[in-house]
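Novice: no sequence on this one, just coordinates:
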């Protein structure tokens, strides 16, 4: 027998015709659990299986703070190695799928597969050609002026030159992770086309830390891809409180000595300032070979030694082994009239 409407249902239909509003019962969500009995108090939240977030916000902040220390140490190490100022800083820190990470990379590029013993699996380090070729040019004595960035895979010689840079990066990465776990990073393979490399399934969650690298007037990107499966054993130790407490212990004389050792090899420009004077614009226009420029500085007054344009020392001019030389007398004091 077909269902028959009762009087209350008929009244509801007539009221809906008059008002145009139909009352709808909210769909109940049934929750099944073998362990929990208070299923009525469970909060139900939507979950996107295409973009799962397996790393908490606190853990992401800890990863970002950890790799900020890596960026500082790596920048100091590169500055000493290249004898010029290199700035490395974090640009992004986010989690995504491995397929999304690969699809956003250029081709060709420098794509390095890295093992992280004793952790299982591999991580990836991608360095943009926009910064690789300026570094190679600097290593070969160039000035990066009018440098052309070729769109081709690196040659064997270029790969070996860049390996000196990546080895310093892996050392700085091991030092940054030392507060969490002693990890030995080492390159196992290199590839120019990231589409050919698949270290995890395409839908696997990875943490991608993006860096901006500046070398003079050149800039490029560097991306560190860490699959969640690799760092899952140490995720509990990445809680903000435990990381900050261990980071305070890690800041000591050893880190200071490493940074000072890297900076001590950086090149500086030193000049000797013999004398200064002022002339008029008309005198400047009439200057010719053989003219003499007189100064108010006596012959026996010490020479000012400048470091990177800053006046630092007083020195005596002379010669050493047939070359012009400056003997440092003392440092410049605040009360010196120079």
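Specialist: Happy to help now that I have it. Worth saying up front: this structure is predicted, and the values here are computed from it rather than measured.
Novice: ends of stretch 328-337, what's the gap?
Specialist: Distance across stretch 328-337, first residue to last, is 18 Å (C-alpha to C-alpha, to the nearest Å).
Novice: residues of it that come out buried?
Specialist: Across stretch 328-337, burial judged by 16 or more other C-beta atoms under 10 Å covers residue 332. In short, each C-beta sits where N, CA and C put it, glycine included.
Novice: can you list contacts of it?
Specialist: For stretch 328-337, contacts defined as C-beta atoms under 8 Å, 6 or more residues apart in numbering pick out 302, 304-305, 311-316, 338.
Novice: from the residues you listed, list just the buried residues.
Specialist: Here, 16+ other C-beta under 10 Å leaves 302, 304-305, 313-315 buried among the contacts of stretch 328-337.
Novice: in strands, which of the residues you listed fall?
Specialist: Among these, the members falling in strands (DSSP state E) are 304-305, 313-315.
Novice: got TSV for the residues you listed, with distance to residue 295 too?
Specialist: Listed next are these as TSV, based on distance: C-beta to C-beta, whole Å:
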residue	distance to residue 295
304	13
305	18
313	20
314	17
315	17
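Novice: which of these lies closest to residue 284?
Specialist: Nearest to residue 284 among these is residue 304, at 23.1 Å by C-beta to C-beta.
Novice: and for the spatially closest residue to residue 202 that is not a sequence neighbour, the neighbour number?
Specialist: Of all residues not flanking residue 202 in the chain, residue 99 sits nearest, at 3.8 Å (C-beta to C-beta, 6 or more residues apart in numbering). Residue 99 has 15 neighbouring residues, counting by other C-beta atoms under 10 Å.
Novice: which is the succeeding secondary structure element to the host helix or strand of residue 99?
Specialist: Element membership of residue 99 [criterion: DSSP states H and E] is helix 98-103. For helix 98-103, the following helix or strand on the C-terminal side (DSSP H and E) is strand 110-117.
Novice: partner strands of that following strand and their direction?
Specialist: Sheet pairing here is set by DSSP bridges, and for strand 110-117 it gives strand 122-127 (antiparallel), strand 184-191 (antiparallel).
Novice: now residue 145. Its backbone dihedrals?
Specialist: Per-residue torsions, residue 145: phi -80, psi 130 (degrees, to the nearest 10).
Novice: contacting residues for it?
Specialist: Contacts for residue 145 were tallied using C-beta under 8 Å, 6+ apart; there are none.
Novice: can you start the count at 40 instead of 1 from here on
Specialist: Right, with 40 as the first residue, what we last looked at is residue 184.
Novice: okay, now the closest residue to residue 164 other than its chain neighbours: neighbour count?
Specialist: Leaving aside its chain neighbours, residue 164 sits nearest to residue 151 (4.4 Å; criterion: C-beta to C-beta, 6+ apart). Applying other C-beta under 10 Å, we find 23 residues neighbouring residue 151.
Novice: beta-bridge partners for residue 151, please?
Specialist: Counting by DSSP bridges, the residues bridging with residue 151 are residue 164, residue 229.
Novice: just checking, it touches residue 162?
Specialist: No - if you go by C-beta atoms under 8 Å, residue 151 and residue 162 don't touch, sitting 9.1 Å apart.
Novice: and of the strands paired with strand 149-156, who's closest to residue 253?
Specialist: Closest among the strands paired with strand 149-156, once you apply C-beta to C-beta, is strand 161-166, at 13.6 Å.
Novice: can you list contacts of the closest one?
Specialist: Applying C-beta under 8 Å, 6+ apart, the contact partners of strand 161-166 are 144, 148-155, 201, 204-205, 208, 224, 227, 233, 236, 238, 252, 259, 261-266, 269.
Novice: just checking, next helix/strand downstream of that strand?
Specialist: Criterion used, DSSP H and E; the element after strand 161-166 is helix 168-178.
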